[in-house]
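Student: fold the stuff below for me.
(2 chains)
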Amino acid sequence: MNCPELLRTQAFLDGELTGDAAREAERHIAACDECRAFSANIAELSDALRANVTSHRAPQALHSRIGALLDKENAPVDFIPRWRRREFWSGALSGVAASALAAAITVFALLPPSAETLAQSVADAHTNALMSGKIIQVASSSHHTVKPWFAGKVEVSPPVADFAQQGFPLIGGRVDKVAGSRAAVVVYNHGRHEIDLFVWPDKGAQLPGESTRHGYHAIFWKNGDLNFAAVCDMEGPELHKFVNLVRTEQD
Amino acid sequence: MPHLDAAYNLARWLCRSPADAEDIVQDAMLRAFRAFDGFRGGDAKPWLLAIVRNCWRNAGADRKRRAQIALPQDEDGGLVSADPDPEAVAMEASQSRKLDEVIALLPNEFREVLVLREMEDMSYREIAEITGAPIGTVMSRLARARTMLREKWTARELV
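Tutor: Down below sits the predicted model:
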């Protein structure tokens, strides 16, 4: 390790840099042999780790044991716990292992994810969809087809419009997840780029505004009780143009 | 229970024995429950993982037994592959075993940042919070961890 920029290169690869800092790091990697080799190594290693390394899951017996312990723990408490406390631990406090799973899902939805988590989550969902080739589950350029398709699959009914005349044709939709919440994804095209428009229920999370992860740009906003994120590999101005179209339609 | 799998995974990678990991997670969940009023909101995962790590440090005894490394065991899940070809499945399993072993050989301070970053998707700031190390240290440890892992891994492949 000799290059003084190596840690910055690493931060870039880990998605820690945004905007100018990210672009600068990218330029440096292109110019520096050591950082380029380091990048290739990290990427390869990271792929191998994610594909091959054991991620241990808590055994069911442990779930039950902790549930029972926390039940006991709660028994002598005679004050009314704060709502967060109740909601957060409701899975454990029920004392019934079977309900823990359902409660965990509820709890996940109740605790708003951080802006950082959201930024990473939409970028991951977008890249996973692209890589698996499953970006579209319902292919149609008609909002009459795409909008009703979401009914019963997600808890939101996303606004769906076709912007073909403005250069952003509607191509379909899919169901995906954003930080644990089920989201409707309306998919658009722009030239050779695919744009994912994620829509999920607002749970009071603080949105990141704009973010860049691994070269994918995302713009977040809220409208009514819905959260939105547009994700694409296009440069900022084009994505902003798309977001403006969607938002104008909403207003 | 939210994040119990993440808590258990971190504990397993820190102590390497399933029984120790279960004790530590149980201890951590109890402490988290008692301390929940001190939780300032935001993402609960790094908060809980920090407690897991503290419990592991307090348990301490594990590090004395550091010399005898219990290799990761197969019984808890292994890897599920959609590939029906048994040879491919076996290849994948041995590949995973190899990497698991190499990670287990990393010194604690390097292993934990690697697991938090690559398996639990924690940001630098969150890793710093969990491990109590400054962000700069997290970054250099992560770089060292990756370099070491890569060297060891390549060395094994050649054997």
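
Student: lowest-confidence helix or strand of chain B?
Tutor: For chain B, using mean pLDDT, DSSP states H and E, the weakest element among its helices and strands is helix B:61-64, scoring a mean of 53.

Student: quick one: secondary structure of B:R117?
Tutor: Following DSSP: H, G, I helix; E, B strand; the rest coil, B:R117 is assigned to helix.

Student: for it, which non-adjacent residue is closest in space?
Tutor: Sequence neighbours aside, B:L142 is the residue nearest to B:R117 in space, at 5.9 Å (criterion: CB to CB, 6 or more residues apart in numbering or on different chains). The way it works is simple: take the backbone N, C-alpha and C, and place the C-beta from them, glycine included.

Student: what count of nearby residues applies to A:A31?
Tutor: 10 (other CB atoms under 10 Å in any protein chain shown).

Student: who's in contact with the nearest residue to B:I130 once chain neighbours are set aside?
Tutor: Leaving out its chain neighbours, the residue that sits closest to B:I130 by CB to CB, 6+ apart is B:A50, at 4.4 Å. Contacts for B:A50 (CB atoms under 8 Å, 6 or more residues apart in numbering or on different chains) come out as B:E129, B:I130, B:G132.

Student: which neighbouring elements make contact with the helix or strand harbouring the residue nearest to B:R117?
Tutor: Assigned by DSSP states H and E, B:L142 belongs to helix B:135-158. With contacts defined as 3 or more CB pairs under 8 Å, 6 or more residues apart in numbering or on different chains; DSSP states H and E, helix B:135-158 has these neighbours: helix A:6-13, helix A:33-52, helix B:86-105, helix B:108-114, helix B:124-131.

Student: the ones you listed: lowest mean pLDDT?
Tutor: Of all the helices and strands packed on helix B:135-158, the segment with the smallest mean pLDDT is helix B:86-105, scoring a mean of 72.

Student: low pLDDT regions in chain A?
Tutor: Low-confidence regions of chain A, defined here as pLDDT under 70, cover residues A:1, A:73-112.

Student: now the strands for it?
Tutor: A:138-139, A:170-178, A:181-190, A:193-201, A:210-213, A:216-223, A:226-232 (DSSP state E).

Student: A:A37 is nearest to which of the ones you listed?
Tutor: Counting by CB to CB, A:A37 lies closest to strand A:210-213 out of the strands of chain A; the figure is 22.7 Å.

Student: out of the strands of chain A, the one nearest chain B is which?
Tutor: Closest to chain B of the strands of chain A, according to CB to the nearest CB: strand A:210-213, at 10.9 Å.

Student: tell me which residues are up against the closest one.
Tutor: For strand A:210-213, the external contacting residues (CB under 8 Å, 6+ apart) are A:15, A:17-19, A:22, A:115, A:119-120, A:123-124, A:217-220, A:236.

Student: by neighbours, which of the residues you listed wins?
Tutor: Top of the contacts of strand A:210-213 by neighbour number is A:A119, holding 27 neighbours under the definition other CB under 10 Å.

Student: tell me the spacing between the closest residue to that one other than its chain neighbours and B:M122.
Tutor: In space, and not counting its chain neighbours, A:A119 is closest to A:S211: 3.7 Å by CB to CB, 6+ apart. When distance is defined by CB to CB, to the nearest Å, A:S211 is 17 Å away from B:M122.

Student: likewise for A:P148?
Tutor: From A:P148 across to B:M122, the span is 39 Å (CB to CB).
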